[in-house]
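# model the following, please.
(one chain, ligands or ions: 1)
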Amino acid sequence: MRHLLSIEDLDRGEIELICDRARSFAEVGRRDIKKVPTLRGRTIVSLFYEASTRTSSSFELAAKRLSADVVSVKSVGSSVDKGESLRDTIATLSAYEPEAIVIRSPEAGAAALVANWTEAAVVNAGDGKHEHPSQALLDVYTLIDHVGPLDGKRIWIVGDVAHSRVARSCIRAFVTMGAEVTVAGPPTLIPRGIETLGCEVAYDLGDIGEADVIYALRMQKERMNHAFVPSLREYAVNYQINGRRLGPRQLVMHPGPVNRGVELSPEVIDGPASLITAQVASGLLVRMAILYEILAGGERPRPLSRIGGGGDRSRESESSPIGEPA
Ligand code: CP
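Numbering: from 1, shown residues only. Next up is the predicted model:
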């Protein structure tokens with residue numbers, strides 16, 4: 001894998017490879033020293049032109065756990081504030097000869113453009129309404145961890161699909177992994193032609209009882225330039241996932257940040273069906289796996305039981321993808 005720009009570029013085997021690699025990194029998190037030398041001496045630039053808590057912190061921590069040198073630049077407070085263009089910013093940061101640039105931008109296609117301007121591998125950490133591939137990969141990983149293979153699983157993605165890069169990446173990833181995906185929400189927030197990604201469409205939650213997993217989306221007020229719904233209160237009445245709508249065997253996901261009391265009720269966010277915290281934890285492992293696959297990957301990871309699980313440790317560490325502690 002040279003770059004990670006879109007889920008469209010990955011087939012099922014490649015998604016499974018990243019999930020297997022992430023699973024192998026879970027063991028590193030249980031060590032006293034949660035660090036391996038895999039990317040020692042390599043430089044990773046994290047460049048965020050939009051707000052982020054989860055993606056920026058987990059990519060930075062992932063790079064540090066792999067022993068890479070990390071340069072984090074936020075557009076606010078950088079020379080972007082003085083009018084420096086994206087192309088000049090990339091040229092400037094590329095002078096440090098980074099191996100990878102992780103970029104979030106409000107512009108669809110920005111990551112793909114950056115890949116033409118630098119020798120570094122480029123990871124799309126969210127580009128406008130287009131894609132958020134690392135989010136979809138961590139969601140696949142989280143789901144497999146909780147329900148097993150996704151073949152035949154029914155996943156409803158509910159809410160502001162129109163403005164959601166997460167929805168576009170997740171539909172593609174879930175369908176590729178064999179799930180049956182339905183997107184649901186008010187007609188104004190469901191883009192025309194979304195079915196071409198392989199999902200069904202519903203405009204109400206009448207049949208949501210059939211879902212194994214309900215994936216709620218954030219109402220993206222910052223991307224709405226006119227009223228898509230009469231009010232958030234009315235949206236919540238018709239589409240909020242709450243204790244009344246949630247069945248006893250259903251699981252709930254959300255990419256975060258959540259508008260509490262809008263797309264999800266507080267008792268669902270904090271209840272036993274919620275995988276939201278598990279998603280965040282998976283984000284670290286999956287982003288370690290993405291950086292590993294891009295910068296050092298190639299071979300299929302061995303099962304977790306063979307990594308650090310006794311036996312001849314000296315021979316294992318010779319070829320282990322994660323190696324001994326740094
Ligand atoms: N899910 C997600 O991308 O969250 P952040 O905006 O906090 O990175």
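# residues in this protein within reach of the ligand, list them.
52, 53, 54, 55, 126, 135, 255, 256, 257 (CB under 6 Å from any ligand atom). Yep, even glycine has a C-beta here, placed from its N, CA and C like the rest.
# the chain - how does it break down into domains?
7-131+283-307, 133-278 (automatic domain parsing).
# helices or strands up against the helix or strand containing residue 252?
Per DSSP states H and E: residue 252 is located in strand 251-253. Strand 251-253 sits against helix 133-147, strand 213-216, helix 276-296, with contacts defined as 3 or more CB pairs under 8 Å, 6 or more residues apart in numbering; DSSP states H and E.
# name the next helix or strand following the second one along the chain.
I take that to be strand 213-216. Per DSSP H and E, the first helix or strand lying C-terminal to strand 213-216 is helix 232-239.
# for the first one, same thing?
Moving toward the C-terminus from helix 133-147, the first helix or strand encountered (DSSP H and E) is strand 154-158.
# check the secondary structure at the residue of the stretch 201-326 of the chain found nearest the ligand for me.
Here the residue of the stretch 201-326 of the chain nearest the ligand is residue 255; by CB to the nearest ligand atom that distance is 3.8 Å. Assigned with DSSP: H, G, I helix; E, B strand; the rest coil, residue 255 falls in the coil class.
# coming back round to it: avg pLDDT for the strand holding residue 252?
Mean pLDDT, strand 251-253: 98.
# re the thing from before, so can I have JSON lines of the helices and strands packed on strand 251-253 showing mean pLDDT?
Output for these, formatted as JSON lines (pLDDT from 0 to 100):
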{"stretch": "helix 133-147", "mean pLDDT": "98"}
{"stretch": "strand 213-216", "mean pLDDT": "98"}
{"stretch": "helix 276-296", "mean pLDDT": "98"}
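# need the residue closest to the centroid of the protein.
residue 135 (1.0 Å; CA atoms, centre = their mean).
# in ChimeraX, select just the buried ones from the residues of the chain next to the ligand.
Command for ChimeraX that selects the buried part of the residues of the chain next to the ligand, burial taken from 16 or more other CB atoms under 10 Å:
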select :52,54,55,126,135,255,256
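# on that earlier part again, residues contacting the residue of the stretch 201-326 of the chain closest to the ligand?
Neighbour list for residue 255: 54, 132, 135, 139, 166, 217, 218, 279 [criterion: CB atoms under 8 Å, 6 or more residues apart in numbering].
# run the last query once more with 6 Å
135, 166 (CB atoms under 6 Å, 6 or more residues apart in numbering).
# the one 10 residues further on now?
If you count contacts by CB under 6 Å, 6+ apart, residue 265 has them with residue 242.
# quick check: it vs residue 184, distance?
Remark: distance between residue 265 and residue 184 (CB to CB, to the nearest Å) = 17 Å.
# likewise for residue 200?
Distance from residue 200 to residue 184, by CB to CB: 9 Å.
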